[in-house]
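In: Quick one, what's the 3D model for this:
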Amino acid sequence: MSQVNMIAVLLLLMVAVLPAIAESQCKVSEFRVQRNFDIARFQGRWFIHKKFTQSPLLQDSFTNREHIYTKGAGEDLAALSFGRCHDGSCQFEHGKLKQPSPTGSNAAKLGYQPSSPSDPVLKYWVIDTDYESYALIYGCNQIKQSTGKCMKAYSWILERTRQSSLSQEIRRRINRKINGLCLKPNDFEVVSQTGERCRQCDPSTWTVQPNFDLDRYLGLWHEMVFKPRVVFPRELAFNDYLNVYTILPNGTIAVRIVRSDPALDDKCFITDDRQTWERTDEPGKFIFFDSPDRTVFTGDDYFVIETDYTGISFVLGCVKEPDTPDGECVRIRGSVWSRKPYFTSTEFIRLKVLFDQYCLDEQEYYITTHNKICPREPNGKEQVEVCVLYDKPDVCLRGL
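Out: Alright, predicted model coming up:
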């Protein structure tokens, strides 16, 4: 065989073999994800700067797209996704990033579970990230069984900052990773991050904990910080403040309050089941009354914005006044609760994100100190006075 013929044969073989090689390289099962993935470091706020999708489920025209991931007591991350629609309105969606394999080589292969448990879990693989500036996310809705190749892929380039600031070196690295996913960097669309961000400053945009479970929420919570209904000197704020929630036979949620009073030598007091919550049609939204007969204050909103039930609870409410139109929010009150009398570093990061998302000024919040344990029953070992609400307004109403 002549040299020319041999070259021709080799070229024919290459033409036949290269597609097979390309097919094998595009097997989703062989795509590499972030090594030694740390889900706690991944939490926080991410801005979507570029996107690619072949999936009709994920087609959208949102601008100012953001994801907020916060870690609770378990391995999963609570997820809040939102962006601005073409008509200028903002859309918010709650979900959860589930981690089937917390350790090992598949730790970065997450799954996104929408707020409705009946919706399918979407693949959410962290292909590459440095946690501090960028992350490349990949998923696939449909895999061709005969080849293992993805037929409906989607991918996002996330950044920690709203204005893209990645170095050329990082951009080249991301492009190499995209090529390794059998995608093309030029096929990614830019997601605009100009204009006003979608934050939930207005109470009408507040969303509560998805699938709120009252039974899991009952029990003891320590107040950690709070924004009072009426401003008063911080040095008069109660210490060691905690609430115990129980359900009365009529279905109302009763609140037992335990605290110590710095104005009275840190003496402990119990307000026994005087405050109440009334349920609304939406789980997680309650009407808060400071007296069982509703004679003191009108009912304020009490919304459990976010909770993991075993760690912390982030609560907001609207103050209502008798002389204002029905439903009008006069001012915002808020509080953060913990199952223990302290925050973990992970919880602290989570709260920073929430304060920003809901446009809250940390300086307006009072800190509740926890230095002692007050008995939770009137017959406790320490001398405890049961505070009968409104008989001693100087003691009972302070800080409400």
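
In: In the longest strand anywhere in the chain, which residues are buried?
Out: Using DSSP state E to define each element, the chain has its longest strand at strand 267-279. The neighbour-count check on strand 267-279 (16 or more other Cβ atoms under 10 Å) flags Lys267, Cys268, Phe269, Ile270, Thr271, Asp272, Asp273, Arg274, Gln275, Thr276, Trp277 as buried. Every C-beta, even on glycine, is put in place using the N, C-alpha and C of the backbone.

In: shouldn't Lys115 be in contact with Phe92?
Out: Not Lys; residue 115 is Ser. No: taking Cβ atoms under 8 Å as the definition, Ser115 is not a contact partner of Phe92, at 10.2 Å.

In: Any idea what Glu159 is bridged to?
Out: Applying DSSP bridges to Glu159 gives these bridge partners: Phe47, Tyr134.

In: tally of neighbours for it?
Out: 19 (other Cβ atoms under 10 Å).

In: do the same with Phe47
Out: Counted with other Cβ under 10 Å, residues neighbouring Phe47 total 19.

In: repeat for the one 5 residues further on
Out: Using other Cβ under 10 Å, the number of residues around Phe52 comes to 21.

In: okay, it: pLDDT?
Out: At Phe52, the pLDDT value in this model is 94.

In: Next, the contact list for it, please.
Out: Ala153, Tyr154, Ser155, Trp156, Leu183, Asp187, Phe188, Glu189 (Cβ atoms under 8 Å, 6 or more residues apart in numbering).

In: from those, which would you call buried?
Out: Of these, these count as buried by 16+ other Cβ under 10 Å: Ala153, Tyr154, Ser155, Trp156, Leu183, Phe188.

In: for the stretch 51-200 of the chain, what spans make up the strands?
Out: Taking DSSP state E, counting those that start in this stretch as the criterion, the stretch 51-200 of the chain carries its strands at 63-71, 77-84, 90-98, 109-114, 122-129, 134-143, 150-159, 189-190.

In: wait, which of these is closest to Cys329?
Out: strand 90-98 (18.3 Å; Cβ to Cβ).

In: what angle sits between that closest one and strand 63-71?
Out: 40 degrees (axes from the mean of the first three to the mean of the last three Cα atoms, to 10 degrees).

In: what helices or strands is strand 90-98 leaning on?
Out: The elements that strand 90-98 packs onto, with contact taken as 3 or more Cβ pairs under 8 Å, 6 or more residues apart in numbering; DSSP states H and E, are strand 77-84, strand 109-114.

In: what do you get if the cut-off is 10 Å, keeping everything else the same?
Out: If you count contacts as 3 or more Cβ pairs under 10 Å, 6 or more residues apart in numbering; DSSP states H and E, strand 90-98 packs onto strand 63-71, strand 77-84, strand 109-114, strand 122-129.

In: For the stretch 251-400 of the chain, give me the ranges with low pLDDT.
Out: Along the stretch 251-400 of the chain, segments meeting pLDDT under 70 span 273-274, 290-299, 322-327, 378-400.

In: those strands in it, which residues are they?
Out: Ranges of strands in the stretch 251-400 of the chain, per DSSP E, counting those that start in this stretch, are 253-261, 267-279, 285-289, 300-307, 312-319, 331-338, 366-367, 384-386.

In: Arg41: what secondary structure?
Out: helix (DSSP: H, G, I helix; E, B strand; the rest coil).

In: Do I have it right that it meets Glu132?
Out: Yes: applying Cβ atoms under 10 Å, one finds Arg41 in contact with Glu132, separated by 8.5 Å.

In: Comparing these two, which residue is more hemmed in?
Out: Neighbours per residue (other Cβ under 10 Å) separate Arg41 from Glu132, with Arg41 holding more: 14 against 9.

In: OK, contacts around that one?
Out: Lys71, Thr129, Asp130, Tyr131, Glu132, Thr346, Ile349 (Cβ atoms under 10 Å, 6 or more residues apart in numbering).

In: These, buried ones only, as a PyMOL selection?
Out: To isolate the buried members of the contacts of Arg41 in PyMOL, using 16+ other Cβ under 10 Å:
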select buried, resi 71+129+131+346+349
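
In: I figured Asn141 was touching Leu122, is that so?
Out: Yes: when contacts are counted by Cβ under 10 Å, Asn141 is listed as touching Leu122 (7.0 Å).

In: and which of the buried ones among the contacts of Phe52 is nearest Glu364?
Out: Trp156 (35.0 Å).

In: So that closest one sits against Thr129, correct?
Out: No: taking contacts as Cβ under 10 Å, Trp156 lies outside contact range of Thr129: 11.6 Å.

In: Identify the contacts common to those two.
Out: Shared contacts of Trp156 and Thr129, counting by Cβ under 10 Å, 6+ apart, come down to Trp46, Ala135, Leu136, Ile137.

In: and which of those residues is nearest to Ile367?
Out: Distances from Ile367 to these, taken by Cβ to Cβ, are shortest for Trp46, at 29.4 Å.

In: Tell me which residues touch the residue lying closest to that closest one once chain neighbours are set aside, please.
Out: Of all residues not flanking Trp46 in the chain, Leu158 sits nearest, at 4.0 Å (Cβ to Cβ, 6 or more residues apart in numbering). Going by Cβ under 10 Å, 6+ apart, Leu158 touches 42, 45-51, 65-67, 126, 129, 133-137.

In: let's see it at 6 Å
Out: Trp46, Ile48, Ala135 (Cβ atoms under 6 Å, 6 or more residues apart in numbering).

In: What of Val225?
Out: Val336, Tyr365, Ile367.

In: Excluding sequence neighbours, find me the nearest residue to the last one.
Out: Using Cβ to Cβ, 6+ apart and skipping the chain neighbours, the partner closest in space to Ile367 is Val225 (5.5 Å).

In: Distance of the one you found relative to Asp266?
Out: 19 Å (Cβ to Cβ, to the nearest Å).

In: what do you get for Gln91?
Out: Separation of Gln91 from Asp266 (Cβ to Cβ) stands at 48 Å.

In: and if you look at Ile127?
Out: Ile127 is 54 Å from Asp266, by Cβ to Cβ.

In: So for those two, which residue has more residues nearby?
Out: Neighbour totals were compared for Ile127 and Asp266, and Ile127 leads with 19 against 15 (other Cβ under 10 Å).
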